[in-house]
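Trainee: coords below, sequence missing:
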């Protein structure tokens with residue numbers, strides 16, 4: 001859902017290689033292009049592989065103007081994968 005300059009995304013389930021292309025397509029949605037901040041709820045993500053974490057990072061930074069990426073609700077294992085992809089603690093909150 002996009003509200004002006006802010007987009008709210010909810011990801012859920014097992015985000016592995018089998019859903020990578022679908023995730024990339026969803027992150028390339030034209031409605032997200034107008035947003036300058038993405039707030040991503042990952043509280044329902046049970047597993048995140050590194051390829052999908054990189055897809056999220058690429059979608060946020062490989063655009064004319066990078067967006068501010070804020071992830072919340074991610075489980076410890078998911079936060080670890082996000083950090084491995086370069087999505088740092090300042091961008092990820094537990095709550």
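Mentor: Received it, and whenever you're ready, just let me know what you need. Note that the structure is a prediction, hence the values are computed from the model and not measured.
Trainee: all contacts plus neighbour counts: C-alpha atoms, from now on.
Mentor: Fine.
Trainee: got a list of contacts for stretch 18-36?
Mentor: 2-7, 51-52, 55-56, 59, 65-68 (Cα atoms under 8 Å, 6 or more residues apart in numbering).
Trainee: Show me the two of the residues you listed that sit farthest apart.
Mentor: Spatial extent of these (Cα to Cα) is set by the pair 4 and 51 at 29.1 Å.
Trainee: Look at those two and report which has more neighbours.
Mentor: A side-by-side neighbour count of residue 4 and residue 51, using other Cα atoms under 10 Å, places residue 51 first with 15 against 10.
Trainee: That one contacts residue 15, doesn't it?
Mentor: No - judged on Cα atoms under 8 Å, residue 51 makes no contact with residue 15 at a distance of 9.1 Å.
Trainee: quick one, what contacts residue 59?
Mentor: 24, 27-28.
Trainee: Tell me, how many residues neighbour residue 20?
Mentor: By other Cα under 10 Å, the residues close to residue 20 number 18.
Trainee: host element of it?
Mentor: helix 20-27 (DSSP states H and E).
Trainee: With residue 43 instead?
Mentor: Per DSSP H and E: strand 37-48 holds residue 43.
Trainee: Mind listing the strands that strand pairs with, and their directions?
Mentor: With DSSP bridges as the test, strand 37-48 is paired with strand 6-15 (parallel), strand 68-72 (parallel).
Trainee: need those in a markdown table with mean pLDDT, mean neighbour count and distance to residue 38, can you?
Mentor: Converted to a markdown table, these look like this (pLDDT from 0 to 100; neighbours: other Cα atoms under 10 Å; distance: least, Cα to Cα, whole Å):
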| stretch | mean pLDDT | mean neighbour count | distance to residue 38 |
| --- | --- | --- | --- |
| strand 6-15 | 95 | 15 | 5 |
| strand 68-72 | 91 | 19 | 5 |
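Trainee: I'd like those as a markdown table, with distance to residue 86 appended.
Mentor: As requested, the strands paired with strand 37-48 are exported to a markdown table (distance: least, Cα to Cα, whole Å):
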| stretch | distance to residue 86 |
| --- | --- |
| strand 6-15 | 17 |
| strand 68-72 | 12 |
